[in-house]
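> Starting from these lines, generate the structure:
(chains A and B)
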There are 2 protein chains.
Amino acid sequence: MIPQHHLPADIERTSMQIIAKELEERHIRIPRENLAVVKRVIHTTADFEYAETLHFTEDAVQKAIEALHNGATIITDTNMALAGVSKPGLKKLNGEALCFMADPAVAQSAKESGTTRAVAAMHKAAKEYPGAILAVGNAPTALFAIAEEIENGLRPALVIGVPVGFVNVIESKENIFAVCEKHHVPAIVAFGRKGGSTIAAAVCNALIYSAAEMLDPTARGWK
Amino acid sequence: MIPQHHLPADIERTSMQIIAKELEERHIRIPRENLAVVKRVIHTTADFEYAETLHFTEDAVQKAIEALHNGATIITDTNMALAGVSKPGLKKLNGEALCFMADPAVAQSAKESGTTRAVAAMHKAAKEYPGAILAVGNAPTALFAIAEEIENGLRPALVIGVPVGFVNVIESKENIFAVCEKHHVPAIVAFGRKGGSTIAAAVCNALIYSAAEMLDPTARGWK
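Below you'll find the model as predicted:
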């Protein structure tokens, strides 16, 4: 009853072929450099809407891959996104991923400044990891905090802005994209309401896989 | 710049009102007992398609809530879904959530039987936690394994079948739903391609919140 002949790696290859075919059928053209990210987000959601909503600043993917090759830390806004970031991938890059949401100092600092833990976590990230990849899949307030930090001089390696929701979400994403463009900070943002922790992790993983495969193009099946 | 006046609890309430309003505008009627689950999945995805694709066996929500009140364990097929299950909610119910994907014995057993870790993890769950809530957001093979176990006599408290993808996914979900209906096992399944770890966690959390609020209807803002 279980189709045993389908190994995970085969399933992924077949899935990516189906996604490529359906993008073509829908006449959706994705710039070559962004294709790995767009396809992985669709692979994670089965939602082709992301082909239209994902926005990239110029050379965002290339710059993110360079940052990963230089050991950039990934900081997520939820433990769920952190759990989704590829551990074998990070290992190949000698990289690490962190989330400060469960940090007692962050909870304390949020309480003291009357803000959210997500905001306090991003200020901590800005202070301790100024050149990190900041991946936000949940909290629009985290994106507003990052925008503020960028206006004040922070230069993260990449901002991934993909929170989901109905209140402040669209505004937070349009704002961060504009701020990143203005200050030449690489950004990958899903416009509109849709997004989430799995999407944040998928964008990270697409970049991690691309970066790792550049280092070792013969590697297969390590994911 | 950060809209500080929006506390997370306010945002959630407003979001749920927007979702209820848009369901009405779309003329989508959800049976009252399923509404909390459907609304939370839409809250997690901003995707109203789930209002059409989520399928419930008879009294699935009521039976799941009873199981949670009786201390049923939740077992997920990914660490990402596990990370998304509400810890404060589980605490209120004195419940626990587990995932066996990183268990070395599961990896060994999968290797020996030439199957996936997801399948081996579900066989372990069936053996050690026969009355659990099984939440599958990733691996269609896990759903096929659960269907096989049910045919062989397993009676989980609930099967949540919401993997996402392009290969074997639709079949695995239609199959588990039919098997659950046949054997009177409660099931909540998202038909079609869409789903994922966040959706599995959202279904668990909707049930956890409902179960916890029944025990303490005056509790607010504890999530």
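> and residue A:100, how many neighbours does it have?
Other residues within reach of residue A:100, judged by other CB atoms under 10 Å in any protein chain shown, total 24. All C-beta spots, glycine's among them, are computed from the backbone N, C-alpha and C.
> My read is that it contacts residue A:118, right?
No - assessed by CB atoms under 8 Å, residue A:100 is found out of contact with residue A:118, at 9.3 Å.
> quick one: contacts for residue A:194?
For residue A:194, the contacting residues are A:47, A:49, A:50, A:53, A:164, B:45, B:46, B:47, taking CB atoms under 8 Å, 6 or more residues apart in numbering or on different chains as the criterion.
> State whether the first one is indeed within a strand.
So the one you mean is residue A:47. No - for residue A:47, which was evaluated using DSSP: H, G, I helix; E, B strand; the rest coil, the result is coil, with no strand membership.
> So residue A:89 is in contact with residue A:206, correct?
No - assessed by CB under 8 Å, residue A:89 is found out of contact with residue A:206, at 9.9 Å.
> ok, residue A:215 to residue A:133 distance?
To residue A:133, residue A:215 is 17 Å away according to CB to CB, to the nearest Å.
> the more surrounded of the two?
residue A:133 (26 against 11).
> Could you measure from that one over to residue A:157?
On the measure of CB to CB, residue A:133 and residue A:157 end up 5 Å apart.
> Need the overlap of contacts for these two.
A:64, A:67, A:72.
> could I get these as TSV with neighbour count, distance to chain B and pLDDT?
As requested, the shared contacts of residue A:133 and residue A:157 are exported to TSV (neighbours: other CB atoms under 10 Å in any protein chain shown; distance: CB to the nearest CB, whole Å; pLDDT from 0 to 100):
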residue	neighbour count	distance to chain B	pLDDT
A:64	29	21	98
A:67	22	24	98
A:72	23	22	97
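> Where helices are concerned, which of these count?
Assigned to helices by DSSP state H, the following of the shared contacts of residue A:133 and residue A:157 qualify: A:64, A:67.
> possible to save the shared contacts of residue A:133 and residue A:157 as JSON lines with distance to residue A:126?
Formatted as JSON lines, the shared contacts of residue A:133 and residue A:157 follow (distance: CB to CB, whole Å):
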{"residue": "A:64", "distance to residue A:126": "18"}
{"residue": "A:67", "distance to residue A:126": "16"}
{"residue": "A:72", "distance to residue A:126": "14"}
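> nearest to residue A:58, of the shared contacts of residue A:133 and residue A:157?
The shortest approach to residue A:58 among the shared contacts of residue A:133 and residue A:157 belongs to residue A:64, at 12.3 Å (CB to CB).
> Touching, the closest one and residue A:133? I think so.
Yes - Residue A:64 is within contact range of residue A:133, at 6.4 Å (criterion: CB under 8 Å).
> Quick check: neighbours shared by these two?
Here residue A:64 and residue A:133 share the contacting residues A:157, A:158, A:207, scored by CB under 8 Å, 6+ apart.
> could you check the distance from residue A:126 over to residue A:26?
Taking CB to CB as the measure, residue A:126 falls 39 Å from residue A:26.
> out of these two, which sits in the more crowded spot?
The neighbour comparison of residue A:126 against residue A:26 (other CB under 10 Å) goes to residue A:126, with 21 against 11.
> residue contacts, that one?
A:145, A:146, A:149, A:154, A:156.
> repeat for residue A:62
Neighbouring residues of residue A:62 by CB under 8 Å, 6+ apart: residue A:33.
> Mind checking if the helix or strand residue A:106 falls within is in reach of chain B?
Taking DSSP states H and E as the criterion, residue A:106 maps to helix A:104-113. No - residues of helix A:104-113 contacting chain B under CB under 8 Å from any CB of the partner chain: none, with a closest distance of 9.5 Å.
> So what's the predicted local confidence for residue A:28?
Listed pLDDT for residue A:28 reads 94.
> measure it to chain B for me?
Computed with CB to the nearest CB, to the nearest Å, the distance linking residue A:28 and chain B is 16 Å.
> Thought residue A:50 was touching that residue, still the case?
No - the pair formed by residue A:28 and residue A:50 falls short of the contact definition of CB under 8 Å, at 10.3 Å.
> quick one: which of those two has more around it?
Looking at residue A:28 and residue A:50 with other CB under 10 Å, you find the greater number of neighbours at residue A:50, namely 24 against 12.
> Run through the residues that contact the more buried one.
With CB under 8 Å, 6+ apart as the criterion, the residues that contact residue A:50 are A:38, A:41, A:42, A:190, A:194, A:199.
> Residue A:57: which of those is nearest?
Using CB to CB, the shortest approach to residue A:57 within those belongs to residue A:190, at 13.5 Å.
> And the closest one, how far from residue A:99?
For residue A:190 relative to residue A:99 (CB to CB), the value is 20 Å.
> Those two - which one has more neighbours?
Of the pair residue A:190 and residue A:99, residue A:190 is the one with more neighbours under other CB under 10 Å, namely 27 against 22.
> could you pull out the strands for chain A?
A:54-56, A:74-76, A:97-99, A:133-136, A:158-161, A:187-190 (DSSP state E).
> Name every strand pairing with the fifth one and say which way it goes.
Strands that pair with strand A:158-161, judged by DSSP bridges, come out as strand A:133-136 (parallel), strand A:187-190 (parallel).
> Equivalent analysis for the first one, please.
For strand A:54-56, sheet partners with direction are given as strand A:187-190 (antiparallel), following DSSP bridges.
> Just the buried positions in the partner strand, please.
Of the residues in strand A:187-190, those buried by neighbour count under the rule 16 or more other CB atoms under 10 Å in any protein chain shown are A:187, A:188, A:189, A:190.
> would a markdown table of those with pLDDT be doable?
A markdown table is the format used below for the buried residues of strand A:187-190 (pLDDT from 0 to 100):
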| residue | pLDDT |
| --- | --- |
| A:187 | 98 |
| A:188 | 99 |
| A:189 | 98 |
| A:190 | 98 |
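> Just the closest of the residues you listed to residue A:21, please.
residue A:190 (22.7 Å).
> The closest one bridge partners, please.
Residues in beta-bridge contact with residue A:190 (DSSP bridges): residue A:54.
> That one contacts residue A:200, correct?
No - distance between residue A:190 and residue A:200: 9.4 Å, which falls outside the contact criterion (CB under 8 Å).
> that older thread, which of the contacts of residue A:50 sits closest to residue A:106?
Using CB to CB, residue A:199 comes nearest to residue A:106 of the contacts of residue A:50, at 23.1 Å.
> From one end of stretch A:31-39 to the other, what's the distance?
The straight-line separation of the ends of stretch A:31-39 (CA to CA, to the nearest Å) is 12 Å.
> Great, nothing more from me.
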